[in-house]
Every structure is written in C-alpha cells, then in structure tokens.
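Student: Sequence unavailable; structure follows:
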C-alpha cells in the first residue's frame with residue numbers, strides 16, 4: 001500500500017474519480033481517494049486495505065471493485081452510498097489517496113505497479129501534494145464513527161477506536 005497526501009481541487013468529481021479508476025486499471029492496482037479529515041492515521045488505512053483484501057480472498061466482498069471495498073472498510077459501513085461521503089468532494093479537499101496492489105485482480109494473479117500509479121496520480125492537475133494525513137477533524141471522526149466520551153474515558157485512544165470500528169464491519173453481516 002502506498003499513500004499520497006494532497007489537496008485535491010476538482011470541478012467534476014465524477015471525471016476525477018473515473019480518472020483514478022483508469023490509473024488503477026493501467027497499473028493493475030486499486031486507487032481510492034478519501035477526505036483526509038476523516039482518516040485518523042496510516043494504520044486506519046492499512047487495516048481497511050487488509051480487511052478489503054481478506055474479503056475478496058474469501059469471496060465475502062460487498063463491492064465489485066477493490067477500491068470501493070477499501071472505501072467501505074475505511075468508512076466502517078456496508079452502505080456504498082454512505083461510504084462515498086468519506087470520498088473527496090467538489091472544490092478543494094484535503095485528501096489521502098490509497099494505491100494498493102493486492103497481488104490479485106479479482107482472482108487473477110497480477111503484478112501491479114503502485115509506484116507508477118502514485119506518480120500518475122501525483123501528475124494530475126487536480127492534485128497538489130502536501131501533508132494531510134494526521135490532520136483529521138476530531139469532531140467529524142467522532143461523529144462519523146460514533147465514538148462517545150465514555151469510550152475515550154476508558155483510556156483508549158481515538159486511533160484504536162476507529163480501527164475497532166473498521167474491524168467490526170466484518171462481523172456486522
């Protein structure tokens with residue numbers, strides 16, 4: 001898994017998302033852009049990628065596309081329409097873009113090129129590379145993942161609680 005931190009500025013969100021999909025197809029990887037204000041840390045993304053891969057390996061995936069499955073796990077929801085709210089938005093948006101080669105493309109062995117895909121994404125005019133990971137909005141994160149004051153009072157940190165919500169998606173079937 002590679003992560004590109006950036007500010008994404010788009011007028012046509014559908015065209016931008018389609019271009020990310022094309023880059024993924026060209027390089028044999030999954031590419032997903034998320035609003036960085038909802039991403040707590042790299043471990044949050046890593047866990048989502050691991051669980052998405054496991055779902056595909058077991059034939060338990062919710063989405064047909066691996067990039068969407070990563071989004072579902074990162075958002076900790078089985079509803080694609082709801083998960084899309086964690087994607088980037090029209091206008092300027094702090095983003096983290098995940099590029100992941102699972103080693104398989106929906107059951108067919110492949111050898112994707114994460115580095116080339118990251119470079120292709122970085123070259124898009126809508127993408128301005130800058131640090132965004134870790135600059136999450138605590139209020140947004142707590143509301144999205146329904147993290148309460150009593151949970152935080154137990155001494156668990158926000159990162160651990162978010163990763164727990166991501167992992168719980170597997171058992172919410």
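Tutor: Nice, thanks for sending it over. Since this is a predicted model, take the numbers as computed values, not measurements. Numbering: from 1, shown residues only.
Student: Distance-wise, check residue 136 relative to residue 120.
Tutor: The gap separating residue 136 from residue 120 is 26 Å, by C-beta to C-beta, to the nearest Å. C-beta coordinates here come from the backbone N, C-alpha and C atoms, glycine included.
Student: Just want to know which of the two has more residues nearby.
Tutor: residue 136 (23 against 20; other C-beta atoms under 10 Å).
Student: Can you show me the helices along this protein?
Tutor: Counting by DSSP state H, the chain has helices at residues 13-27, 42-58, 66-75, 80-83, 114-122, 138-144, 149-153, 158-168.
Student: Nearest to residue 132 among the ones you listed would be which one?
Tutor: helix 42-58 (11.7 Å; C-beta to C-beta).
Student: in that closest one, what counts as buried?
Tutor: 44-53, 55-56 (16 or more other C-beta atoms under 10 Å).
Student: returning to that earlier point: buried deepest among the helices of the chain, which one?
Tutor: Mean neighbours per residue, mean count of other C-beta atoms under 10 Å, is largest over the helices of the chain for helix 66-75, with a mean of 25.
Student: What residue, apart from its backbone neighbours, is nearest the spatially most central residue of the chain spatially?
Tutor: The centre of the chain sits closest to residue 71, judged by C-alpha atoms, centre = their mean, with a distance of 4.5 Å. Nearest residue to residue 71, sequence neighbours excluded (C-beta to C-beta, 6 or more residues apart in numbering): residue 83, at 4.9 Å.
Student: Fine by me, we can end here.
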